[in-house]
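**Student:** Sequence below, structure please.
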Amino acid sequence: MTTAHPDHGVEDLCAAGTEVYTRALREGRVHRKEAVDAPCLVDLGLLNPDVEDMRWLEPVAPAVALHRLLRNAAERIADERRHEARLAEAFEPLMRIDGRRTAADTPTISVISGMERINRAITRSMADASHELFAIQPHSSHIGPHPGVHVEAMRRDQDLLDRGGRIRTLYQHTLRHAPTVQARYEQLKGDVEARTLDEVTDRLIVVDRSVAFIPASKDRTLALEVRHPALIEHFATTFDRLWHLATPMYPEAAQRPSHNGITPRQQAIAALLIEGHTDATIAERLGLNIRTARVHIAKLAATLSSDSRAQLGYLIAESGILKQADRQDQGQREP
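**Tutor:** Numbering: from 1, shown residues only. Below you'll find the model as predicted:
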């Protein structure tokens, strides 16, 4: 069974086609059997049957082929220009209508569909940025299906830094030692800061406090591009308040201390336990898998000598570990 020959144009002539066409030019013709692996040459008009002996193929001179291809390209361009003229003629009377939806202003909220289009929109916005990018990256945001997306993100981030811009990013504590995050900050050069929180909002990117991008679906294949000044201000205020509460991670990391044998991760779990959340909810909110969350809950119960879920909540409240943690965190944030 032979492999189907890939579709391509003359500008992307395949290796087999280049070899056969070159030999045909040198020798004046080639046998049909020699061109079996390069059917593109006949399809593209570079080889024609010999009218005196159909077993052979004769090459079209490169200058003749080039002239024909350029003429075809010119005709296509002329067709496109005529199409543009017809479109302009059709829309001209419509654009003169005085209505609410006829203004050419940039929409304040737009829906973008597809990861590729979303990333293109972010890249376009960052190409014009000169001041600041701030972002919230939950635990799922660094696990993407396309590695090339992260390469493009690194490039556009570094371009902003090279223009004198600033980047601030909030992560969940679960990403504090993630290899992808560590690699990011080893490569970026410039005014970059990162902090972490036990819980963060869904993904948020704000560029120069003029445009924001937020998810519009759980699988992140839909996004909203937001340019409404009031919403941008709301996003910025929310980010600044979360940033103030967060623990520094880069360029200088601050370590959150344990309290009476209770780790910072277990303190976060304890806070959600006394609110009555299930193991699954706790895991989702803290960016953990459910098995890891249950291991921490078991260790917390053992440390507090709890025999049941109900008793654990009572012991957490009585122990004062959450109040101690709040006082410690406040002390770290104060200048």
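
**Student:** Report how many residues lie close to the residue nearest to residue 214 when sequence neighbours are not counted.
**Tutor:** Once flanking residues are discounted, residue 214 sits nearest to residue 224: 5.2 Å by Cβ to Cβ, 6 or more residues apart in numbering. Every residue, glycine included, has its C-beta placed from N, CA and C. Using other Cβ atoms under 10 Å, residue 224 has 15 other residues around it.

**Student:** Begin at 267, not 1, for the rest of this chat.
**Tutor:** Done: numbering now begins at 267, and the last item shifts to residue 490.

**Student:** any idea which helix or strand carries residue 289?
**Tutor:** Element membership for residue 289, per DSSP states H and E: helix 281-293.

**Student:** ah, wrong one, I meant residue 376
**Tutor:** Going by DSSP H and E, residue 376 is part of strand 375-379.

**Student:** Pull out the buried residues from that strand.
**Tutor:** Neighbour counts over strand 375-379 (16 or more other Cβ atoms under 10 Å) mark residue 378 as buried.

**Student:** how much space between residue 404 and residue 423?
**Tutor:** Counting by Cβ to Cβ, to the nearest Å, the gap from residue 404 to residue 423 is 18 Å.

**Student:** Give me the mean pLDDT for stretch 417-430.
**Tutor:** Averaging pLDDT along stretch 417-430 gives 89.

**Student:** who touches that stretch?
**Tutor:** Applying Cβ atoms under 8 Å, 6 or more residues apart in numbering, the contact partners of stretch 417-430 are 385, 388-389, 392-393, 395-396, 399, 433, 450, 453-458.

**Student:** again, 6 Å this time
**Tutor:** 389, 392, 395-396, 399, 456 (Cβ atoms under 6 Å, 6 or more residues apart in numbering).

**Student:** Once you drop chain neighbours, what's closest to residue 389?
**Tutor:** residue 422 (5.3 Å).

**Student:** would you list the contacts of stretch 417-430 in JSON lines and tack on secondary structure, neighbour count and distance to residue 278?
**Tutor:** Formatted as JSON lines, the contacts of stretch 417-430 follow (DSSP: H, G, I helix; E, B strand; the rest coil; neighbours: other Cβ atoms under 10 Å; distance: Cβ to Cβ, whole Å):
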{"residue": "389", "secondary structure": "helix", "neighbour count": "14", "distance to residue 278": "26"}
{"residue": "392", "secondary structure": "helix", "neighbour count": "21", "distance to residue 278": "31"}
{"residue": "395", "secondary structure": "coil", "neighbour count": "18", "distance to residue 278": "35"}
{"residue": "396", "secondary structure": "coil", "neighbour count": "9", "distance to residue 278": "38"}
{"residue": "399", "secondary structure": "strand", "neighbour count": "23", "distance to residue 278": "37"}
{"residue": "456", "secondary structure": "coil", "neighbour count": "14", "distance to residue 278": "39"}
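
**Student:** mind checking how far the helix or strand following the helix holding residue 289 is from the chain centre?
**Tutor:** Reading on from helix 281-293 to the C-terminus, the next helix or strand found by DSSP H and E is strand 296-297. Strand 296-297 has its C-alpha centroid displaced from the chain centroid by 51 Å (Cα atoms, centre = their mean, to the nearest Å).

**Student:** helices or strands next to strand 296-297 in the packing?
**Tutor:** helix 281-293 (3 or more Cβ pairs under 6 Å, 6 or more residues apart in numbering; DSSP states H and E).

**Student:** again, only using 8 Å
**Tutor:** Under the contact criterion of 3 or more Cβ pairs under 8 Å, 6 or more residues apart in numbering; DSSP states H and E, strand 296-297 touches helix 281-293, strand 319-325.

**Student:** same for the helix holding residue 289, what does it pack against?
**Tutor:** By 3+ Cβ pairs under 8 Å, 6+ apart, helix 281-293 packs against strand 296-297, helix 306-309, strand 313-316, strand 319-325.

**Student:** which one of the contacts of stretch 417-430 is nearest residue 554?
**Tutor:** Lowest distance from residue 554 to those (Cβ to Cβ) belongs to residue 399, with 27.7 Å.

**Student:** who's in contact with that closest one?
**Tutor:** Residue 399 touches 392, 423, 426, 431-434, 471-474, counting by Cβ under 8 Å, 6+ apart.

**Student:** Show me the domain layout of the protein.
**Tutor:** As given by automatic domain parsing, the domain ranges for the chain are 276-326, 379-516, 530-599.

**Student:** can I get those in CSV with distance to residue 343?
**Tutor:** Converted to CSV, those look like this (distance: least, Cβ to Cβ, whole Å):
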stretch, distance to residue 343
domain 276-326, 16
domain 379-516, 25
domain 530-599, 53
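
**Student:** between those, which gets nearest to residue 340?
**Tutor:** Across the domains of the chain, closest to residue 340 is domain 276-326 (Cβ to Cβ), at 15.3 Å.

**Student:** Give me the mean pLDDT for the closest one.
**Tutor:** In this model, domain 276-326 carries a mean pLDDT of 90.

**Student:** Please give the centre-to-centre distance between that domain and its chain.
**Tutor:** Per Cα atoms, centre = their mean, the displacement of domain 276-326 from the mean C-alpha position of its chain is 45 Å.
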